[in-house]
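Engineer: All I have is the shape, not the residue letters:
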């Protein structure tokens, strides 16, 4: 079951920072993640995802950074808007072309 609980950016950043700072105190990164997740009240998997994204953002792990993801979302939104506008223009053009054909000739 998926939860919609939101965490502030400050909480996310602090939790990720704690994982990086305390990794040496645990047997594995997962152990650190599990320990810190319990303290901040999120699931270990949620914190693991935040850590992986932070690693991508810092260039430590391959993949799409947060900045690139936001840019991609903005471009996809722009493409949707342009397609919608083109469809409106196409329909309007067809309507006016048909109206021109249906108009009686000047004489």
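Structural biologist: Yep, that arrived. These numbers come from a predicted model, not from an experiment. Numbers count the residues shown, from 1 in each chain.
Engineer: Going along the chain, name the helices of this protein.
Structural biologist: 9-22, 29-40, 44-57, 66-102 (DSSP state H).
Engineer: May I see the ones you listed organised as JSON lines, with mean pLDDT and mean neighbour count added?
Structural biologist: C-beta: built from backbone N, CA, C; applies to glycine. Converted to JSON lines, the helices of the chain look like this (pLDDT from 0 to 100; neighbours: other CB atoms under 10 Å):
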{"stretch": "helix 9-22", "mean pLDDT": "94", "mean neighbour count": "15"}
{"stretch": "helix 29-40", "mean pLDDT": "94", "mean neighbour count": "17"}
{"stretch": "helix 44-57", "mean pLDDT": "96", "mean neighbour count": "17"}
{"stretch": "helix 66-102", "mean pLDDT": "95", "mean neighbour count": "10"}
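Engineer: any idea how far residue 10 is from residue 19?
Structural biologist: To residue 10, residue 19 is 15 Å away according to CB to CB, to the nearest Å.
Engineer: now residue 104
Structural biologist: For residue 104, the distance to residue 10 equals 70 Å [CB to CB].
Engineer: Same question for residue 39.
Structural biologist: Distance of residue 39 to residue 10, computed by CB to CB: 15 Å.
Engineer: go on, residue 101?
Structural biologist: From residue 101 across to residue 10, the span is 63 Å (CB to CB).
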